[in-house]
Each structure stands twice: as structure tokens, then as C-alpha cells.
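K.L.:
got a predicted model here, sequence first, then my questions.
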Amino acid sequence: MTGVTRDDVAAALATVTDGESGKDVMSAGLVQGLVVREGHVGFSLEVDPAKGPEKEPLRKACEDAVKALPGVLSVTAVLTAHRGTTQSPSPAKGHSHAQEQQRAPQGAMQIPGVKSIVAVASGKGGVGKSTVAVNLALALSKLGRRVGLLDADIYGPSIPRMMGLTGKPESKDGKKLLPKEKYGIRTMSIGYLVSEDTPMIWRGPMVQSALTQMLSDVEWGELDVLVVDMPPGTGDAQLTMAQRVPLTGAIVVSTPQEIALIDARKGFAMFEKTHVPVFGIVENMAYFVSPGSGEKSYIFGEGGARRMAEKLGCDFLGEVPLHMTIREKSDNGEPVVATAPDSAEAKPFLDIAARVGEHLDRAMGAAARKAPAISIED
């Protein structure tokens, strides 16, 4: 059976009329960035931003028209400003776009069955955030929790490789995707939907919509904690997660170098501004272990993340060494906590998971205490 094609999608969209122009959305030139890949469809509708709210029914009609096509597994349809629109004024001096967005957060989504969500973030790339996220998720599972793992890095997904997973997610009803599972962890990543060599050339709104769908349109089941491997930095995707997702807490990963610590402080500040509790800081590549002697060498500096945690008033969750075994196992899809849980290399992750677990228990306990009491009358 032949899968859905770009022409099929275009024909379906041509049945949707834009009330303003009187033309169908294809003829009106509203559809941009159409991507069709193995049953997964993405596109944007370019509209006047001032008319965004009133165009939502049009977006929904386009989404429904495409969803009705046989063979369509998911649809990512977003509204974005059309090219002819005058740019909005720059924010006042001293206020970033991030701060402007922070003032008008959208309503937080709810994810049925997921008790808590922890974001693993970094202020910059290259600090081993994904390695920490994967092994943390596995360590939390080893400690008896039901765990999911979301790869929120749309432009550079790494969870499929690190977990040794390939292939497309399945769907029972054509609406919700089933997470791919390995080592007892349920996972989802955009990397399952596109090939590893395919660049994701998407605009900000499409990225945000994809993140939202990977959370709400996935059958996560009952989870004690969903670990989210965040994209590096503090841009739109990170703000979407911090503002729209009910994060229980966040973990910031850094290396000991001062330049990495500067960026880590930015990540900490982003969570602080969006009122997400920071559980603490993890120092990755804290020291190098000599394969022969086992001697520690602090090649990137010593104790920088610990000192930063003290200065910021948050917990120092632990340090992870720069070790060949950790790197090799991650590259081979055999994370050290899953395949060598009793090794010296796995111990730092298990220790960090124990501390994160304490934060989760406190946070969930506090949430339970805040819940309104239910009176039962005879």
C-alpha cells in the first residue's frame, strides 16, 4: 500500500477555504513549509499576526482535512506571521525577547498519567547534557520509578542513538503515537520520525508545535517521572517547555570551564524567571580518569559548578567524570547505567538520581499538601 504523498496533502488542503480571500488555502498561498514523511505531515499557515486568534478555526480545519487522509499518522499545523508583515517593535532597552514572552505565558498543558516532569538543561551545547539525561532516566528507573524520556532537541536529537533505538513509532488509533521502549524506559524523539542525516529546517512556531505534540499526542501511560532532554541554550523552544509544560523541576548541566558556567547561569535564570524550581546543578566532565593508574586529572578546572551552585543557592547534585567507557557506551546505544549498573562509571549517575528522587518526593509531597481537601458527607 502506498503511503500518503505531498500531492495527497495538497489536494486535501485545497478543499479548505480561507474566508478572508475566498480562495482555498493552497491557491491563496497560505501553506508554507509543507513536509510529508512516512505518514507524518507538517506545515505552517502564513497569516497576519494581528488576525492570529481569528485564524485558529482555519488552522484547525486544515489539520482535520489532512488527518482524514488514509495513512496520516500525525499532523503538525501551525500559524506563523506572513513574510509581508511589518516586524513588531524591538523590546525596550534592557528587556530581551525572552522576557517579553515570559510576561504572557500560555496555559500549561496536562499530560494524563505523568506524575512529574523534570527538564535536563544546559546553557550551551557540548556539555554532555544528553548523556546525563539518558543515564539519569535509567538510574531513576533502577531506583524503582516508572520513567519516560522525551528528546526535546528538535534540531539535534540524540536519544535514538544513545538508546540504540531505530524505526518509526506505532499508533493504535492513528491519533496518538506509542513511545518506543528499551531498558524499561518509554521514549519519544523527532529522530524516530526523520532520518539521522535529514536537517530539520523548521521555523520557531513549528518547533514549538512539534514539542507540544510529542508531549500531548503520545500515549505515555502511567509514569512517575518524565525526563526531558532539553535543547541547549535559552531560546523559544526552551521557553515553550518552561512556560507551557507543568515542569516539576529542572536540572542544569555544566562543565567546569568558566565559559560553560556563564551559560549555565543563564539557564538557571531562565527557569527562575519562569518559576520552575531548579533541583540543582550537575558537573559533567568534572575530571579525567587515567585508564592505567586511575588518577584524576582536572583538565577543565576543579569545582566550578559546585561553587556556582553555592552562589546561586541550589543543590550541587554531583559530578560525572570524563571517562572513555561512558562516551563509548553512549555512542553505541548501550548507556552505562543500563549495561553496567554496578560499575564505577555508573555510580555517579545513580547517586545523582537518588538526590533528584529526594527533590521529586518533596515536590510531590508539597503538591499533595496544597491540593484542596475533599469532604465526604454521610
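P.N.:
Arrived safely, thanks for sending. These numbers come from a predicted model, not from an experiment. Residues are numbered from 1 along each chain as shown.
K.L.:
C-alpha from now on. contacts and neighbour counts both.
P.N.:
Fine.
K.L.:
where do the strands of the chain begin and end?
P.N.:
31-37, 40-47, 74-81, 117-121, 147-151, 180-182, 185-189, 225-229, 249-254, 278-289, 296-297, 315-322 (DSSP state E).
K.L.:
list the pairing partners of the first one within its sheet, with orientation.
P.N.:
Going back to what we said before, that points to strand 31-37. strand 40-47 (antiparallel) (DSSP bridges).
K.L.:
the strand it pairs with: how far from the chain's middle?
P.N.:
In terms of C-alpha atoms, centre = their mean, to the nearest Å, the centre of strand 40-47 is found 21 Å from the chain centre.
K.L.:
thinking again about what came up before, which one of the strands of the chain has the lowest average pLDDT?
P.N.:
Comparing mean pLDDT across the strands of the chain, the lowest value falls on strand 74-81: a mean of 74.
K.L.:
packing partners of it?
P.N.:
For strand 74-81, the packing partners by 3 or more C-alpha pairs under 8 Å, 6 or more residues apart in numbering; DSSP states H and E come out as strand 40-47, helix 56-67, helix 204-216.
K.L.:
how about the ones you listed in a markdown table, adding distance to E295 and mean neighbour count?
P.N.:
Formatted as a markdown table, the helices and strands packed on strand 74-81 follow (distance: least, C-alpha to C-alpha, whole Å; neighbours: other C-alpha atoms under 10 Å):
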| stretch | distance to E295 | mean neighbour count |
| --- | --- | --- |
| strand 40-47 | 50 | 21 |
| helix 56-67 | 58 | 18 |
| helix 204-216 | 42 | 19 |
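K.L.:
quick one: those as a markdown table, columns for distance to D263 too.
P.N.:
Below are the helices and strands packed on strand 74-81 laid out as a markdown table (distance: least, C-alpha to C-alpha, whole Å):
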| stretch | distance to D263 |
| --- | --- |
| strand 40-47 | 32 |
| helix 56-67 | 37 |
| helix 204-216 | 21 |
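K.L.:
where in this protein is pLDDT low?
P.N.:
1-2, 49-50, 52, 80-109, 124, 194-210, 233-237, 240, 259-260, 366-378 (pLDDT under 70).
K.L.:
could you check the angle strand 117-121 makes with the longest helix out of those in it?
P.N.:
Longest helix of the chain, by residue count under DSSP state H: helix 347-370. Here the directions of helix 347-370 and strand 117-121 differ by 140 degrees (axes from the mean of the first three to the mean of the last three C-alpha atoms, to 10 degrees).
K.L.:
still on that earlier bit, of all the strands of the chain, which one comes closest to E20?
P.N.:
For these, the distance to E20 is smallest for strand 40-47, at 10.7 Å, taking C-alpha to C-alpha.
K.L.:
the closest one vs strand 74-81, what angle?
P.N.:
Using the same axes, to 10 degrees: strand 40-47 against strand 74-81 is 20 degrees.
K.L.:
okay, now the domains of this protein?
P.N.:
Per automatic domain parsing, the domain ranges recorded for the chain read 6-81, 117-369.
K.L.:
want to throw these into a markdown table with distance to I111?
P.N.:
Putting the domains of the chain into a markdown table (distance: least, C-alpha to C-alpha, whole Å) gives the following:
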| stretch | distance to I111 |
| --- | --- |
| domain 6-81 | 18 |
| domain 117-369 | 6 |
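K.L.:
give me whichever of those is most buried.
P.N.:
Among these, the stretch with the highest mean neighbour count (mean count of other C-alpha atoms under 10 Å) is domain 117-369, at a mean of 19.
K.L.:
chain center to that one: distance?
P.N.:
That offset, for domain 117-369, works out to 9 Å (C-alpha atoms, centre = their mean).
K.L.:
look up how far G71 lies from G301.
P.N.:
54 Å (C-alpha to C-alpha, to the nearest Å).
K.L.:
can you check V276 too?
P.N.:
Taking C-alpha to C-alpha as the measure, V276 falls 39 Å from G71.
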